[in-house]
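Trainee: here you go, sequence then predicted model.
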Amino acid sequence: MKKAEVVFIPFPAPSHLVSTLEFAKLLINHDNRLRITILVMKFPHFADTDVYIKSLPISDSLNFINLPECSLPPNSDPRSAFGALFEAQKPHIRQAVSDLTTGEQHGPIASFVVDMFCTTMIDIAKEFSIPTLVFFTSGVASLGLNLYLHTLRERDNVDPIQLQQQAELAIPTFANLVPSTSLPGSVLSKQAESFFMNNVGGLKKADGIIVNSFEELESHAVHSFSAHPELSSLPIIYPIGPILTPEPKTKSVVEPDDIIKWLDDQPPSSVVFFCFGTRGSFDEDQVKEMAHAIENSGARFVWSLRKPQPKAAMAAPSDYSLSDLSLVLPEGFLDRTNGIGRVIGWAPQTQILAHPATGGFVSHCGWNSTLESIYFGVPIATWPLFAEQQTNAFQLVCELKIAVEIALDYRVEFNGGPNYLLTADKIERGIRSVLDKDGEFRKKVKEMSEKSRTTLLEGGSSYTYLGRLIDYIMNQV
């Protein structure tokens, strides 16, 4: 039986790497003619990626090559640091691919799969005349928005300043007009412009784009790729999600079992879960507003509260010690809420969302978290921070109507602070809304949860797209 080799080049951040590895597992479980080699780049700021790689079962079908570490200029802006990292890694990747093509035991390389941030690696694939697929770790609507705004910039010279000046924009992958305050930071910032143009320009050079989403969730967006003249000439898309990401085994102040035991004692759908992803944290003023909102709402809660890193540092937030916690929270908060809520550090997010006691999720709307909340049927109250999270929040509240709004335009500036302070009354309204048992959005989330579970089974749309994708890969051999 001929085996087709597929070379993966993931982005080294945990949120990207983990879903890429899960996608690799999905491919080889679906078709035993595929063999995947993953080229692992190391990046000093993302140290915990080893945990995931070590947890994967080693098999004949899955193979890892650790690329040599490259030193980067100190204190550089992460966007230029990533560019420097990719350029420094190109010779190593070229060598690894060359070794694979001449190796005896491997089948021919059928395609590259590169992360959405690693599109510069398409150049190497072209040198070897190998087709390239991009793995896009956000949604279809978000992908369409990036491609369309890139076209506006290139063709009509619409720059970030002009985008900010428009109140709303018509974007083909959205049914509603999108407010400029809900656009991703990467398209609004002059500093990010060259990164955005190079990266999205790279997406347009791909032979296909694999998206971690599913047609039942984003039917308008998926349809627009074939129907809208601005998008129909772009690479073909394969929505093959939802790919959920397993949790790392991280040591935290509170043992995960302890939180799950606590949830076991709470009534169904009564607890609101606050969690803002691997990089989300707040300054003391905002933490106090959140605490007042939580206390005033009277709701049961699990709050994953993380300690911010110094402003210029790129490291992820860390956990507070108990003595630090009492300093950032209002005096007596922990005593007064004892029994009805828990403040923790790192959270076992999927376990908490899967628990029947969890009734609402105050979230930054990162795409992995969004897919998890839909899968487990837990409605979100939106509180975006950065990247494409404002766009995801707008999509969840205004397009899909499966979430409630705390904020759609809250934004943490790159290496800076937030654009405003969210007040306790607004947060409290969001908590009450998301726990509303009769909310229309709750019914819609439950329906979407069912669809997210069946789409990857035979006959589902993601199953069908996955089959088409594998046919494409095998046809390259």
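Mentor: That came through fine.
Trainee: what's near enough to touch the residue nearest to Asn32 when sequence neighbours are not counted?
Mentor: In space, and not counting its chain neighbours, Asn32 is closest to Ser61: 7.1 Å by Cβ to Cβ, 6 or more residues apart in numbering. (C-beta placed from N, C-alpha, C; glycine too.) The contact partners of Ser61, by Cβ atoms under 8 Å, 6 or more residues apart in numbering, come to 28, 32, 34-36.
Trainee: where does the stretch 201-350 of the chain have low pLDDT?
Mentor: Where the stretch 201-350 of the chain drops to pLDDT under 70, the residues are 248-254, 311-314.
Trainee: in it, what residue spans correspond to strands?
Mentor: 208-211, 236-239, 271-275, 300-304, 306-307, 318-319, 341-344 (DSSP state E, counting those that start in this stretch).
Trainee: report the buried residues of the second one.
Mentor: When burial is assessed from 16 or more other Cβ atoms under 10 Å, strand 236-239 yields the following buried residues: 237-239.
Trainee: do the same with the last one
Mentor: Judged by neighbour count using 16+ other Cβ under 10 Å, the buried positions of strand 341-344 are 341-344.
Trainee: I'd like to know which elements the longest helix seen in the chain is packed against.
Mentor: Taking DSSP state H as the criterion, the chain has its longest helix at helix 78-102. When contacts are defined as 3 or more Cβ pairs under 8 Å, 6 or more residues apart in numbering; DSSP states H and E, helix 78-102 sits against strand 4-9, strand 34-40, strand 109-115, helix 122-127, helix 193-204.
Trainee: give me the distance between that helix and the centre of its chain.
Mentor: In terms of Cα atoms, centre = their mean, to the nearest Å, the centre of helix 78-102 is found 24 Å from the chain centre.
Trainee: ok, and what's touching it?
Mentor: Against helix 78-102 from outside (Cβ under 8 Å, 6+ apart): 5, 7, 9, 37, 39, 41, 43, 45, 65, 67-68, 70, 72-73, 76, 106, 108-109, 117-118, 120-121, 123-124, 127-128, 130, 191-192, 195, 198, 314.
Trainee: and what of stretch 326-343?
Mentor: 254, 259, 262, 284, 287-288, 291-292, 294-295, 298-303, 305, 320, 325.
Trainee: ok so, going back, Glu413: which of the strands of the stretch 201-350 of the chain is closest?
Mentor: strand 306-307 (18.4 Å; Cβ to Cβ).
Trainee: ranges for the helices of the stretch 251-400 of the chain?
Mentor: 256-264, 284-297, 322-328, 333-336, 349-354, 367-375, 389-394 (DSSP state H, counting those that start in this stretch).
Trainee: may I see those arranged in TSV, with mean neighbour count and distance to Gly430 as well?
Mentor: TSV is the format used below for the helices of the stretch 251-400 of the chain (neighbours: other Cβ atoms under 10 Å; distance: least, Cβ to Cβ, whole Å):
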stretch	mean neighbour count	distance to Gly430
helix 256-264	15	21
helix 284-297	19	8
helix 322-328	13	21
helix 333-336	14	19
helix 349-354	19	17
helix 367-375	24	14
helix 389-394	28	11
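Trainee: for the ones you listed, give me JSON lines that also has distance to Tyr472.
Mentor: Listed next are the helices of the stretch 251-400 of the chain as JSON lines, based on distance: least, Cβ to Cβ, whole Å:
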{"stretch": "helix 256-264", "distance to Tyr472": "40"}
{"stretch": "helix 284-297", "distance to Tyr472": "47"}
{"stretch": "helix 322-328", "distance to Tyr472": "51"}
{"stretch": "helix 333-336", "distance to Tyr472": "55"}
{"stretch": "helix 349-354", "distance to Tyr472": "31"}
{"stretch": "helix 367-375", "distance to Tyr472": "24"}
{"stretch": "helix 389-394", "distance to Tyr472": "28"}
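Trainee: of the ones you listed, which is nearest Glu458?
Mentor: Of these, nearest to Glu458 by Cβ to Cβ is helix 367-375, at 18.7 Å.
Trainee: against which helices or strands is the closest one packed?
Mentor: Secondary elements touching helix 367-375 (3+ Cβ pairs under 8 Å, 6+ apart): helix 14-30, helix 349-354, strand 358-363, helix 440-454.
Trainee: just name the most buried of these.
Mentor: Using mean count of other Cβ atoms under 10 Å, the stretch among the helices and strands packed on helix 367-375 with the largest mean neighbour count is strand 358-363, at a mean of 27.
Trainee: so how far is it from its chain's centroid?
Mentor: Counting by Cα atoms, centre = their mean, strand 358-363 comes out at 17 Å from the chain centroid.
Trainee: then stretch 25-39?
Mentor: Distance, centroid of stretch 25-39 to centroid of chain: 22 Å (Cα atoms, centre = their mean).
Trainee: and of the buried residues of strand 341-344, the nearest to Val362?
Mentor: Once Cβ to Cβ is applied, the member of the buried residues of strand 341-344 that ends up nearest Val362 is Gly341, at 12.6 Å.
Trainee: could you check how far the closest one is from Leu334?
Mentor: Gly341 sits 9 Å away from Leu334, going by Cβ to Cβ, to the nearest Å.
Trainee: try Leu177
Mentor: Going from Leu177 to Leu334 by Cβ to Cβ gives 44 Å.
Trainee: so where's the stretch 51-200 of the chain shaky on pLDDT?
Mentor: Checking the stretch 51-200 of the chain against pLDDT under 70 turns up 73-76, 104-105.
Trainee: isn't Asp283 right next to Gly417, touching?
Mentor: Yes. Using Cβ atoms under 8 Å, Asp283 is in contact with Gly417, at 6.9 Å.
Trainee: residues in contact with the closest residue to Leu217 other than its chain neighbours?
Mentor: Nearest residue to Leu217 in three dimensions, chain neighbours excluded: Met448, at 6.2 Å (Cβ to Cβ, 6+ apart). Met448 makes contacts with 216-217, 374, 377, 400, 402, as judged by Cβ under 8 Å, 6+ apart.
Trainee: tell me how far Met448 lies from Tyr375.
Mentor: 9 Å.
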